[in-house]
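> Any chance you can model this:
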Amino acid sequence: MSRLTFAGLETRPGQVWGQVRLVPLVREAPVEGLRMHPGGLEDLGLPADGCWYTPHGLTAEWTGDGSGVPEFGTAMRMAASTVRGSRRPKAKPRFGDRRTRVRFVPRRGALETYLPLAFRAPVVAWPEWSSRAFRHSLLPLPDRTYSGALVDGLADALRVFEIHPGQCGVLVYVADALSGVLVTPHPDDYRRLHPTLVEDSYGELIWRYSMLYDAVPEFEARIDASRVDSLADLRARARAVQREWAAFHDGALAAGLLDPEYHFTETCAMAEFRLVRYRPTFASVREAHVGEAIMDAQGRPAFLQSFRLSETHVRRARLLEALSVNEWRLEATAEALGLSTPALVALLHNSDLDWMLRRDVADRNLARHRGQ
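All right, here's what the predicted structure looks like:
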């Protein structure tokens, strides 16, 4: 598999609110044995005198026999062998997560998080990072991201738009630029997650589009009345117009997501499903999307979450791609890019990627670069 697909989903005509277009995705029948819900923690009896932070994220819950998943909080425990290839720690999770659940990257920080995860970047040295953050505060990233609440018109569109019967997903467009995608296995999951789209992160390009453009054209169905002689004819023509819109949407508006080839990295097997992260080939990409998906045995997306990268994100991704190809060796990567090692370290520092380096290595090379 090298491309994303909407197999098992049907595209419905989008709804427009100013410059925001939401295009619904509908399933004929829900995916059995898998459910998604907002990823809050249960009441765990944590000390009342502490301060606890739970990032906004998603939780997937599944069964091993394909049966329906019970409501949140009532799932039966399953043997640990139902999870294969997981990178979770072998020790018992601190918060008591069951082995029938997987928590996802918090969506507020997904744009900054998916790239290092997609390339299997080295683990952050958290003590050093915390010490630096305490001394110097958290400096702003070179590529600013914006909450959906700051994308003009998005909150209103999510509040007033109709949710279709059987709707399990949506594509979010701002000024007809694809901004993000969410697909869920069940219509009830989508209804729960629909309001949370305003909490997602969006790149600066999407925020600027929301401020620069006032409106986009609406899709208007036109049916030739002279060819309609009965109610059955009208239904047939309406279905034909719907198919024409779906073909136009998937081939034009969503082409930047569906046409490119992606690298897929499997991170977890969940009974008959598998969780993958995907990223494009950044060397020649026009429109870059990264995210996570849960695929069924036929390769159809039961869950899909996609975010669009800004140009600054793409430049950082190319650095990560070069490091990954050269097995995270600085000297080999610098030679491949035609740079000196100090110049590469300076580039990583300016791109806010120097958290992957030992502090002494970063400081020594930065000093050499400044002295050149």
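> just for the chain, where's the confidence low?
Applying pLDDT under 70 to the chain flags the ranges 1, 39-58, 62-114, 116-118, 120-144, 283-285, 372.
> any chance you could map the helices in it?
With helices called from DSSP state H, the chain shows them at 110-118, 126-136, 154-160, 187-193, 204-212, 231-248, 255-258, 311-325, 330-337, 341-350, 359-371.
> Next, format these as JSON lines and append distance to Gly8 and mean neighbour count.
For the C-beta atoms, the positions are set from N, CA and C on the backbone; glycine is no exception. Listed next are these as JSON lines, based on distance: least, C-beta to C-beta, whole Å; neighbours: other C-beta atoms under 10 Å:
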{"stretch": "helix 110-118", "distance to Gly8": "24", "mean neighbour count": "20"}
{"stretch": "helix 126-136", "distance to Gly8": "40", "mean neighbour count": "10"}
{"stretch": "helix 154-160", "distance to Gly8": "24", "mean neighbour count": "17"}
{"stretch": "helix 187-193", "distance to Gly8": "14", "mean neighbour count": "19"}
{"stretch": "helix 204-212", "distance to Gly8": "27", "mean neighbour count": "18"}
{"stretch": "helix 231-248", "distance to Gly8": "14", "mean neighbour count": "13"}
{"stretch": "helix 255-258", "distance to Gly8": "14", "mean neighbour count": "18"}
{"stretch": "helix 311-325", "distance to Gly8": "29", "mean neighbour count": "19"}
{"stretch": "helix 330-337", "distance to Gly8": "40", "mean neighbour count": "16"}
{"stretch": "helix 341-350", "distance to Gly8": "41", "mean neighbour count": "19"}
{"stretch": "helix 359-371", "distance to Gly8": "47", "mean neighbour count": "14"}
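> among these, which is nearest Thr267?
Nearest of these to Thr267, taken as C-beta to C-beta: helix 110-118 at 8.2 Å.
> For Thr196, which non-adjacent residue is closest in space?
Take Thr196 and drop its neighbours on the chain: the residue closest to it by C-beta to C-beta, 6 or more residues apart in numbering is Pro38, 6.2 Å away.
> so the one you found makes contact with His194?
No: counting by C-beta atoms under 8 Å, Pro38 does not reach His194; the two are 11.1 Å apart.
> related to what we said a few turns ago, select, out of the helices of the chain, the one closest to Val276.
Closest to Val276 of the helices of the chain is helix 110-118 (C-beta to C-beta; 10.2 Å).
> Provide the partner residues of Arg35 in its beta bridges.
Per DSSP bridges, residues listed as beta-bridge partners of Arg35: Glu61.
> which stretches of the stretch 151-300 of the chain form strands?
Secondary structure of the stretch 151-300 of the chain (DSSP state E, counting those that start in this stretch): strands at 167-174, 177-183, 201-203, 262-270, 273-280, 289-295.
> so what strands line up beside the longest one?
Strand 262-270 has the following strand partners under DSSP bridges: strand 83-84 (antiparallel), strand 273-280 (antiparallel).
> Can I get the ones you listed in CSV including distance to Phe303 and mean neighbour count?
Output for those, formatted as CSV (distance: least, C-beta to C-beta, whole Å; neighbours: other C-beta under 10 Å):
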stretch, distance to Phe303, mean neighbour count
strand 83-84, 16, 16
strand 273-280, 8, 21
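> Throw those strands into CSV and include distance to Leu150, thanks.
Shown next, in CSV, are these (distance: least, C-beta to C-beta, whole Å):
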stretch, distance to Leu150
strand 83-84, 37
strand 273-280, 26
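> Of all these, which one comes closest to Arg208?
Closest among these, using C-beta to C-beta: strand 273-280, at 22.0 Å.
> To Arg3, which of the helices of the chain lies closest?
Among those, the nearest to Arg3 by C-beta to C-beta is helix 255-258 (6.5 Å).
> elements contacting the closest one?
The helices and strands touching helix 255-258, judged by 3 or more C-beta pairs under 8 Å, 6 or more residues apart in numbering; DSSP states H and E, are strand 177-183.
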